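[1] Starting from these lines, generate the structure:
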Amino acid sequence: MDSKKSLPSDLKITTTEMHTGGEPLRIIESGYPKPEGVTILDKRAWLRAHADDYRKLLMFEPRGHYDMYGALLVTPDLPEADIGVIFMHNEGYSTMCGHGVIALGRYLVDRGLVAAGNPEARVIIQCPCGPVTAHVTHSNGVTSDVRFTNVPSYVFALDVKVEVPGVGEVAVDISYGGAFYGFVPASRLGVDLKTDSVSKVTDLAFAVTQALKAKVKLHHPDSPDLAFIYGTIVTDGGDHTINSTDGTTTNICVFAEKEVDRSPCGSGVAARVALQYHRGVLPLGQKRQFRSGVTGSEFTARALKTVEVKGAGMEGKDVIAILPEVSGRAFYTGSNTFTVETEDPLVGGFLPR
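    All right, here's what the predicted structure looks like:
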């Protein structure tokens, strides 16, 4: 698609900028095409087919950067939902975003789009993976913590053997928290999250993702649009044992096209809670801290209860999932008005790596 033809010269897009644990969220407020379709997955598909230049405009340089992340608010198709959202990044459109839900929970209450309540507001956000309920602590006009109850999260496969170039055969777990992730301890990849560079971890995590995509056929009981490996999360081994004095566990999440999450990754943490519950590391109700190996920011999470999900496992078997609760804080960083000049040879944006 020719960006110079698809992006009008009078384009003006306004956004509010936030971050959760260091991970950016560009909330699109006006000037973006209204997606067509009945369901939120229909709208997501319409944007991919008809308005992807707008995503690139906001996510790519010079207006964004390689690791930018965005959210477009849309009309939900679930009657119980307060709002719908479509998430976007450097490669396309994700199915779930926990750091985004935390930021949007605060944003929706602060902007008066959802009644504040005192001391807590309840916000139901329809994500592509399903409805997610955020609880926003709001007292005397000040918003503090946001916690959300995610969609049912579960282990899809354990100890999947894949070949990683330069490393050899590695055993990887696959777990779902609104998106499917591979999970692997850093030690299996020959790296240390404390001493090795983020770029080294990123390259290895992306190699694991590519190997999983080539080997494992995923499915999701709700829609094939949800059945893909979104990324790989490299951990300190905390999915197998409590390996720190205070129970805190560290990870780095690499998703989409080598995009690095600055936060602990909300949907990834939900999937990790499911994995840890499954392995007997984290009992129901017990809270645990999940730390980003990039910024040191933390989310708190726990498994609230178990639920059965029909046909979600390998070969369509039923699985026992958990309902994870993830807590964090989001902050405002500013606002923007983006425009284009059609004479600009880089109007479509670019990614330098």
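[2] rest of the way, CA atoms for contacts and neighbours
    Fine.
[3] Least confident secondary structure element in the chain?
    None of the helices or strands of the chain scores lower by mean pLDDT, DSSP states H and E than helix 3-6, at a mean of 62.
[4] next helix or strand past that one?
    The helix or strand immediately downstream of helix 3-6 is strand 12-20, counting by DSSP states H and E.
[5] Next, the angle from the helix or strand following that following strand to strand 12-20.
    Elements were assigned by DSSP H and E; along the chain past strand 12-20, the next helix or strand is strand 23-30. Strand 23-30 and strand 12-20 are oriented at 150 degrees to each other (axes from the mean of the first three to the mean of the last three Cα atoms, to 10 degrees).
[6] where along the stretch 101-250 of the chain do the helices fall?
    Assigned by DSSP state H, counting those that start in this stretch, the stretch 101-250 of the chain shows helices spanning 186-189, 198-215.
[7] CSV please, covering those and showing mean pLDDT.
    Formatted as CSV, the helices of the stretch 101-250 of the chain follow (pLDDT from 0 to 100):
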stretch, mean pLDDT
helix 186-189, 98
helix 198-215, 98
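[8] residue nearest the centroid of this protein?
    Most central in the chain under Cα atoms, centre = their mean is Cys97, positioned 2.9 Å from the mean C-alpha point.
[9] Please identify the buried residues of stretch 150-170?
    Within stretch 150-170, the residues scored as buried using 16 or more other Cα atoms under 10 Å are 150-158, 162-164, 170.
[10] coming back round to it: which residues are in contact with the residue nearest to the centre of the chain?
    87, 178, 265-267 (Cα atoms under 8 Å, 6 or more residues apart in numbering).
[11] among these, which are in helices?
    266-267 (DSSP state H).
[12] Report whether the expected contact of Phe156 with Gly177 is present.
    No: when contacts are counted by Cα atoms under 8 Å, Phe156 is not listed as touching Gly177 (10.5 Å).
[13] any low-confidence regions in the protein?
    Counting by pLDDT under 70, the chain contains low-confidence residues at 1-5, 139-141, 243-245.
[14] Am I right that Asp53 is in a helix?
    Yes: applying DSSP: H, G, I helix; E, B strand; the rest coil, one finds Asp53 inside a helix.
[15] hang on, the earlier thing: in terms of distance to Gly37, which of the buried residues of stretch 150-170 ranks first?
    When the buried residues of stretch 150-170 are ranked by distance to Gly37 (Cα to Cα), Val151 comes first, at 22.6 Å.
[16] Relative to Tyr181, how far out is the closest one?
    Distance, Val151 to Tyr181, by Cα to Cα, to the nearest Å: 15 Å.
[17] Next: Phe290.
    When Phe290 is compared with Tyr181 (using Cα to Cα), they lie 16 Å apart.
[18] Pick out whichever of those two has more residues nearby.
    Using other Cα atoms under 10 Å as the criterion, Phe290 and Tyr181 rank with Tyr181 on top: 29 against 26.
[19] Quick one: residues contacting Asp67.
    So Asp67 contacts 59, 89-90, 259-261 (Cα under 8 Å, 6+ apart).
[20] Trp46 too?
    By Cα under 8 Å, 6+ apart, the neighbours of Trp46 are 35-37.
[21] top of these by neighbour count?
    Pro35 (20 neighbours).
[22] doesn't Leu41 make contact with that residue?
    No: when contacts are counted by Cα under 8 Å, Pro35 is not listed as touching Leu41 (10.5 Å).
[23] What segments of the stretch 201-350 of the chain are strands?
    Taking DSSP state E, counting those that start in this stretch, the strands of the stretch 201-350 of the chain run over residues 229-235, 249-255, 259-260, 288-292, 298-309, 319-328, 330-339.
[24] Tell me which of those sits nearest to Gln126.
    strand 319-328 (16.0 Å).
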